[in-house]
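Q: here you go, sequence then predicted model.
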Amino acid sequence: MTARSRMIASVVAVVLIAGAAAAFAIAWRPVIAAIDPPAPASFDPALVKHGRELAALGNCNDCHTVRGGASFGGGLPVPTPFGIIYSSNITPDPETGIGRWPETAFRRAMRSGVNRDGQHLYPTFPYDHFTNVSDEDDAALYAFLMTRPAVHAPARENQLPFPLDQRVTIAGWKLLFLRRGSYQPDGTRSAEWNRGAYLVEGLAHCGACHTPRNGLGAERSNAAFAGGDVDNWQAYAINTQSRAPIPWTADALFSYLRQGWQADHGTARGPMAEVVSNLSSVNESDVRAIATYMAGVFGAPSPDRIQRGEAALAQAKSPTLEAPAVVAANATGAAIYAATCATCHETGRALPYGGVHLGLSTALSSPDARNAANIVLSGVRAVAGERSPIMPGFADSMNDGQVTALLQFLRARFSNQPPWTGVENSVAEARHTQTVFLQTSPGPHNAPADATQRDKPLKALP
Amino acid sequence: MMTLKVNGRDHQIDADPDTPLLYVLRDEIKLNAAKFGCGLGQCGSCTVIVDGKAVLSCVTPLLLLEGKQITTLEGLGTIEAPAPIQRAFMEEQAAQCGYCIAGMMMRAQALLQRNPKPTDAQIRAEMEPNLCRCGTHMRILRAVHRASRLMDTADASPAGHGSAQ
């Protein structure tokens, strides 16, 4: 070996060693020592109660509970473009849950996505948002979770290809995409707006569904709230690109998030049904704060949008079945609509027990037919133990061709957007995935509970 | 004029294509087992089986039924020779006022055809769309389990073609 090649070899060795050391420093996290599971009585009941509200704001039960399984026992398959990741058991079970985690380990998981053993957690657990949660709120969440019934439920094996199944790769992802303190209070805004920002950007992690993701599965910060994908549903754009026929206001958002439906927009469904179910049980002022902040994200509508909204609303209030050109272009779809849908959706019966006029439907104005296909096939399921909106699904009475014709008609009749492409595929896909989703999702447990709001539509009935 | 296949027989029906199946079954073909409850697909009393699946006949217009096989409760058994699902509901005394029961039996039948040994949880989940105001739910649950057992024995197979799909 010449002196020159020896020098090259040693440079390469130094680079490799330095690289490995750097990688180790980036990826390595220490184990936090296990503790004996703390007695539930050791937690302050007021803190536990506060933690319960925070857990509802964070929608924790949604991912950490599988249909038919015990609350917070984990095991829900979360499909991602990279493979299936199963949610974990966050009950205080010492063997399979977080029973031996001290609060510092819980806070580290929330802050930076690392478990007690020092392993990196996949960002399906939205620590890119939870990193913004305060120490006090983490303490309350910890107190709440550690006082739940312990459930023995071993973790299920994730289905990921190499090298993504190696948790060390997550360290690289975090280096690129995990920004601590991405939320900062804004002194020029109201306390309510700041509270909303803290919740939306942190614990409530709205962007996890509503912000599109890049090729590495991270939220695109330059397209915040521009609409994303979840469980074969489209999470709508909830910024200035919103397709809602009627522009959202803070008051409308508050009603929708609090009671699960809003007269000018319709009913929460799909994965959002579980979110509003949780929000019905939290402090009203927090829902108000979220609505205030999000109204700012939606932005003030243009005069043109306001005008179109008013036209849609006027049409919804005095509906006519006459649209001869649209009907003639798709007689099959028009006939199915008239015979099957219009009896609920065009009779003026008040929400939530009547169907929303479809001229107000965001689903029909959206870029693709997924949500509309999901809703026609699966309907809106009743919520156990509560009065709630309900729509029968038509999966067993319409074939794919009939659903396709119906959706194409609805698009032409009730939106001002160009026809969808690939509707047939959307329908087939919806038929396949909604079946799976309905079998695994926990489903809304607790519908809007504000009795004064819920009685209104009943009183309006003749 | 369209042909409607009900309980293995072809019926020539002269009705608007947007007529709900329920109206045709009751008013034209005089099959009165399926009941009108809410008319909005929210209570399940109108449930019949279409191509093996439980379907709400009050929100299913004729135009969706071209070439499909429809089975009503009358197609499962008779008073003299009740089908297993009917025997099971009688033996468990699952009916109180009885208005929901035809729909309940049809949905349970569709379930048992697809899954002959459902668990309690599966039955509860499947029967969720069908409402009973009298409160005989526990008896209905027992009746579905009993029907599942009755269907094990060959001599108890239903008279109609409903379970043959």
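A: Received, thanks. Numbers count the residues shown, from 1 in each chain, chains lettered A, B, ... in the order given.

Q: buried residues in the lowest-mean-pLDDT helix or strand in chain B, which are they?
A: Within chain B, no helix or strand scores below helix B:120-127, which has a mean of 93 by mean pLDDT, DSSP states H and E. Neighbour-count burial for helix B:120-127, counted by 16 or more other Cβ atoms under 10 Å in any protein chain shown, picks out B:123, B:125-127. C-beta here means a position set from N, CA and C on the backbone, and glycine is covered the same way.

Q: stretch A:366-377 too?
A: For stretch A:366-377, by 16+ other Cβ under 10 Å, it's A:366, A:368-377.

Q: then stretch A:80-100?
A: Those would be A:80, A:82, A:85-93, A:96-100, for stretch A:80-100 by 16+ other Cβ under 10 Å.

Q: for stretch A:62-74, same thing?
A: For stretch A:62-74, by 16+ other Cβ under 10 Å, it's A:62-66, A:69-70, A:72-74.

Q: contact partners for the residue positioned nearest the centre of chain B?
A: The centre of chain B sits closest to residue B:106, judged by Cα atoms, centre = their mean, with a distance of 2.2 Å. Counting by Cβ atoms under 8 Å, 6 or more residues apart in numbering or on different chains, residue B:106 makes contact with B:34, B:47-49, B:54, B:71-73.

Q: out of the buried residues of stretch A:62-74, the closest to residue A:129 would be?
A: Set against residue A:129, the nearest of the buried residues of stretch A:62-74 by Cβ to Cβ is residue A:63 (12.9 Å).

Q: quick check: the closest one touching residue A:75?
A: No: with contact defined as Cβ atoms under 8 Å, residue A:63 and residue A:75 do not form a contacting pair (10.1 Å).

Q: between the two ends of stretch A:344-353, how far is it?
A: Using Cα to Cα, to the nearest Å, the end-to-end distance of stretch A:344-353 comes to 9 Å.

Q: is chain B contacted by that stretch?
A: Yes: Stretch A:344-353 lies within reach of chain B by Cβ under 8 Å from any Cβ of the partner chain, at residue A:344.

Q: now do the buried residues in that stretch.
A: A:344-346, A:349, A:351-353.

Q: OK, contacts around residue A:204?
A: A:57-59, A:129, A:290.

Q: on that earlier part again, keep only those of the buried residues of stretch A:80-100 that are in strands.
A: Counted as lying in strands by DSSP state E, out of the buried residues of stretch A:80-100, are A:80, A:85-86.

Q: residue A:120: how many residues sit nearby?
A: For residue A:120, the neighbour count with other Cβ atoms under 10 Å in any protein chain shown is 22.

Q: let me know the pLDDT of it.
A: Looking at residue A:120, its pLDDT is 97.

Q: can you check residue A:438 too?
A: pLDDT, read off for residue A:438, is 55.

Q: with residue A:459 instead?
A: So, for residue A:459, pLDDT stands at 34.

Q: residues contacting the residue of the stretch 201-350 of chain A found nearest chain B?
A: The minimum distance from the stretch 201-350 of chain A to chain B, using Cβ to the nearest Cβ, falls at residue A:339 (3.4 Å). Residue A:339 makes contact with B:17-20, B:61, B:63 under the criterion Cβ under 8 Å, 6+ apart.

Q: return the residues of the stretch 1-150 of chain A in contact with chain B.
A: residue A:68.

Q: against residue B:35, how distant is residue B:141?
A: 21 Å (Cβ to Cβ, to the nearest Å).

Q: more neighbours: which of those two?
A: Neighbour totals were compared for residue B:141 and residue B:35, and residue B:35 leads with 20 against 17 (other Cβ under 10 Å).

Q: just to revisit the earlier point, right, and the helix or strand after the least confident helix or strand of chain B?
A: helix B:137-150 (DSSP states H and E).

Q: helices and strands around that following helix, which ones?
A: helix B:84-91, helix B:101-114, helix B:120-127 (3 or more Cβ pairs under 8 Å, 6 or more residues apart in numbering or on different chains; DSSP states H and E).

Q: so where's chain B uncertain?
A: Along chain B, the parts satisfying pLDDT under 70 run over B:154-165.

Q: coming back round to it: starting at the chain centroid, how far to the least confident helix or strand of chain B?
A: A distance of 16 Å separates the centroid of the chain from that of helix B:120-127, by Cα atoms, centre = their mean, to the nearest Å.

Q: count the residues that sit near the spatially closest residue to residue A:56 that is not a sequence neighbour.
A: Nearest residue to residue A:56, sequence neighbours excluded (Cβ to Cβ, 6 or more residues apart in numbering or on different chains): residue A:278, at 4.2 Å. For residue A:278, the neighbour count with other Cβ under 10 Å is 23.

Q: from residue A:329, how far off is residue A:278?
A: Residue A:278 is 43 Å from residue A:329, by Cβ to Cβ.

Q: what pLDDT is listed against the nearest residue to residue A:147 once chain neighbours are set aside?
A: Closest residue to residue A:147 apart from its sequence neighbours, by Cβ to Cβ, 6+ apart: residue A:40 at 4.3 Å. pLDDT, residue A:40: 96.

Q: what about stretch A:216-232, how long is it end to end?
A: Stretch A:216-232: ends 19 Å apart by Cα to Cα.

Q: let me redo that: stretch A:144-155
A: End to end - Cα to Cα - stretch A:144-155 spans 21 Å.

Q: and chain B, which of its residues are near chain A?
A: Near chain A, when you scan chain B using Cβ under 8 Å from any Cβ, you find B:17-20, B:39-42, B:50, B:53-56, B:59-61, B:63-64, B:121, B:128-129.

Q: out of those residues, list just those in strands.
A: B:50, B:53-56.

Q: what's the most distant pair in the residues you listed?
A: B:53 and B:56 (10.7 Å).
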